[in-house]
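1. What follows is a predicted protein model with its sequence.
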Amino acid sequence: MANKPYIYVTRKLPESVISRLNNFAEVGMWNREETPVPRNILLNEAKKADALLTMLSEKVDTELFEVSTNLKVVANLAVGFDNIDVEEATKRKIVVCNTPDVLTDTTADLAFSLLLMTGRRLVEAVDVVRNGEWKSWSPYFLAGSDIHHKTLGIVGMGSIGEAVAKRALGFDMQVLYHNRNRKPETETKLGVEYASFNKLIEQSDYVLVLTPLTKETKGMFTKDVFKKMKKSAFFINVARGPIAVESDLIWALKEGEIAGAGLDVFDQEPISQDHPLLQLDNVVALPHIGSASVETRTAMMKLCCDNILAVLNNEKPKTPVNK
Ligand code: DGY
């Protein structure tokens, strides 16, 4: 049908999820699951697309908007949308949607797992057993830091922050949070305490970053910030790599300004195997899997489809991010 809308999906997603789009539109899809669509193919597809279902690996910027004269909606398979120039999209009346809520608990589970792995040196422990290096029981062998009764500082208290706080309270942690806006209801509901950024940094045993990457949060963690943290404290980042100045983080880890880091996100993803961060024993590194459970990724895909279909049918999408 000549005037069916065209939807381009930038990664190979399951037919069972995408088939709903087929009933309504012509659908084009990149043919690999693990490799991002090359830029030239994306730009070419964008020329004719009414809708794009994108991953965080795609840069959706002015160059792309310039060529995509039919584009009405970009549905990003992530809660974060720093890969998209939303201001520019809004100027061009293009709706941008993300996938909040459906990934909250899954991402909180991962954040708390990473905190446990880092504090209790679980990756080192697994490696020791696998590599035949377990020679005997000894008093301080692989002794890590406690989690219970320690202070967790959450930077960025949205719904994922609240979900992590619940988990932390189950471990008898004290929870501080820092946010642009203070949240009295959350304080009452969960028993968490608001702190200035400096107080949180100075008092926390685990500093967990959950804030989105914006102009304001880019480079928020510098040498000065790491210096203010306890030398026994851990830095956990499951938000976006550039929120910390990576070279300053490496410095802090090498100099013993902080005890360790648990990182699910990096400046460059995938991180190269010879990256300095990966040479450090006090770093636990994961490949950006915050929301990666089968159930949650499927729910995220469905939400992207809902949003696309809503916009193309002139209805209100469920989760737009344009201001
Ligand atoms: C998000 O949703 O922003 C995550 O980083 C992707 O897993």
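-> Done, it's in. Numbering: from 1, shown residues only.
2. Now for the residue lying closest to A259 once chain neighbours are set aside, how many residues are close by?
-> Closest residue to A259 apart from its sequence neighbours, by Cβ to Cβ, 6 or more residues apart in numbering: S232 at 5.1 Å. Bear in mind the C-beta positions are built from the backbone N, C-alpha and C, glycine included. Neighbour count for S232, taken as other Cβ atoms under 10 Å: 12.
3. Contact residues of the stretch 151-300 of the chain facing the ligand?
-> 290-291 (Cβ under 6 Å from any ligand atom).
4. Next: the stretch 1-150 of the chain.
-> 56, 78-80, 103.
5. if you go through the stretch 1-150 of the chain in chain order, where are the helices?
-> Secondary structure of the stretch 1-150 of the chain (DSSP state H, counting those that start in this stretch): helices at 15-22, 39-48, 62-67, 86-91, 104-119, 122-130.
6. Helix or strand with the lowest mean pLDDT in the protein?
-> Across the helices and strands of the chain, mean confidence by mean pLDDT, DSSP states H and E is lowest for helix 15-22: a mean of 94.
7. can you list the weak-confidence ranges in this structure?
-> Low-confidence regions of the chain, defined by pLDDT under 70, span residues 1-2.
8. okay if I get the helices of the stretch 1-150 of the chain as a markdown table plus mean neighbour count?
-> Formatted as a markdown table, these follow (neighbours: other Cβ atoms under 10 Å):
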| stretch | mean neighbour count |
| --- | --- |
| helix 15-22 | 14 |
| helix 39-48 | 16 |
| helix 62-67 | 16 |
| helix 86-91 | 16 |
| helix 104-119 | 22 |
| helix 122-130 | 13 |
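9. Which of the ones you listed sits closest to K316?
-> Among these, helix 86-91 comes nearest to K316, with 15.7 Å by Cβ to Cβ.
10. same for the closest one, what does it pack against?
-> helix 62-67, strand 95-97 (3 or more Cβ pairs under 8 Å, 6 or more residues apart in numbering; DSSP states H and E).
11. which one is the most centrally placed residue in the chain nearest to, not counting chain neighbours?
-> Residue closest to the average C-alpha location in the chain (Cα atoms, centre = their mean): A239, at 3.9 Å. In space, and not counting its chain neighbours, A239 is closest to V209: 4.8 Å by Cβ to Cβ, 6+ apart.
12. How many residues are close by that neighbour?
-> That count, for V209 with other Cβ under 10 Å as the rule, works out to 24.
13. And for Y177?
-> Going by other Cβ under 10 Å, the residues that sit close to Y177 add up to 26.
14. In contact with it, which residues are there?
-> 153-155, 157, 161, 165, 183, 186, 192-195, 200 (Cβ atoms under 8 Å, 6 or more residues apart in numbering).
15. Pairing partners for the strand or helix carrying it, with directions?
-> Secondary structure assignment for Y177, by DSSP states H and E: strand 174-178. Strand 174-178 pairs in its sheet with strand 151-155 (parallel), strand 193-194 (parallel), by DSSP bridges.
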